[in-house]
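Engineer: predicted model, plus sequence, below.
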Amino acid sequence: MGLRSTMALLMALLGAAPGGAGALKLRVLSRQRECVQEVASEVGEVITGSFIADGGEATAKAQASNLFMPKHRFDLVVMDPNLNTVYTIRKKTDHRFEIPVKVAGSYTFCFNNQARTAAHVMYHAHVGHHVDHGGALAHHLDPLTDSVQDVREHISKMKQEYYYQRGREEVHRRTNDNTNYRVILSSVLEAIALVGCSVVQVLYVRKQFAGKDNPNRAMV
């Protein structure tokens with residue numbers, strides 16, 4: 001199987017993965033929070049996912065004006081259907097999570113932005129089962145159902161990893177572009193400063209020589 005066929009098969013599998021929604025990109029204002037919900041229909045399911053902070057609102061020129069601009073970091077708080085906090089993580093630029101479902105219903109994921117500027121967070125999650133091959137009984141899962149469920153979970157993990165790595169690549173590429181812009185801007189400013197100093201030195205020297213020539217001309 002060639003590379004093109006392999007990539008086509010991978011994309012088909014990703015498209016066929018359960019929980020077909022793609023990654024979400026949320027805009028979170030400064031000192032504000034944005035929340036999304038994931039529905040778990042059964043106790044024993046697991047909510048897995050990841051998020052990546054992306055300060056995409058700032059252009060390269062805007063970021064170049066502040067060479068020490070910090071990365072955006074988010075707090076994640078997860079609440080179960082009874083509004084009890086079941087998961088918390090603080091000040092992360094990216095993070096992977098795995099939350100066991102103990103109460104069926106809607107789980108609320110809230111992202112807090114404590115920075116002074118608005119930012120984006122790319123988020124992806126999947127609700128599914130972890131198949132316990134050793135503990136599954138015959139009347140719970142027949143071999144075919146077991147295999148299908150296992151394949152679905154592996155495909156879901158591949159899809160989740162795909163979104164996670166793609167988001168990281170986008171953020172790192174933007175960071176590299178901003179770094180290149182800052183280096184170029186710094187080099188241009190340094191060159192202008194050197195040229196300016198050279199011009200000032202030349203003008204100063206010419207002025208000194210002109211001052212020494214004036215008395216000689218007066219004596220003649």
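Structural biologist: Yes, it's here.
Engineer: in the chain, which helix is the longest?
Structural biologist: Determined from DSSP state H, the single longest helix within the chain is helix 143-219.
Engineer: for it, packing partners?
Structural biologist: helix 3-16, strand 46-54, helix 60-64, strand 94-100, strand 119-128 (3 or more Cβ pairs under 8 Å, 6 or more residues apart in numbering; DSSP states H and E). For glycine as for every other residue, the C-beta is placed from the backbone atoms N, C-alpha and C.
Engineer: gap between K102 and K157?
Structural biologist: 22 Å (Cβ to Cβ, to the nearest Å).
Engineer: what sits up against stretch 106-117?
Structural biologist: 26, 28-40, 47, 51, 55, 57-58, 70, 72-81, 83, 86, 91, 99, 101, 119, 121, 123, 125 (Cβ atoms under 8 Å, 6 or more residues apart in numbering).
Engineer: these in strands, which ones?
Structural biologist: Taking DSSP state E, the ones among these that sit in strands are 26, 28, 32-40, 47, 51, 74-79, 86, 91, 99, 119, 121, 123, 125.
Engineer: what's the burial count for L83?
Structural biologist: 7 (other Cβ atoms under 10 Å).
Engineer: bridged to A40, which residues?
Structural biologist: G105 (DSSP bridges).
Engineer: which residues touch it?
Structural biologist: So A40 contacts I47, V101, A104, G105, S106, Y107, V127 (Cβ under 8 Å, 6+ apart).
Engineer: tell me the buried residues within these.
Structural biologist: Using 16 or more other Cβ atoms under 10 Å as the burial test, the contacts of A40 include I47, V101, Y107, V127 as buried.
Engineer: which among these gets closest to A191?
Structural biologist: Comparing the buried ones among the contacts of A40 against A191 with Cβ to Cβ picks out I47 as the nearest, at 53.8 Å.
Engineer: grab the nearest non-local neighbour of that closest one.
Structural biologist: Excluding the flanking residues, the one nearest I47 by Cβ to Cβ, 6 or more residues apart in numbering is I99, at 4.5 Å.
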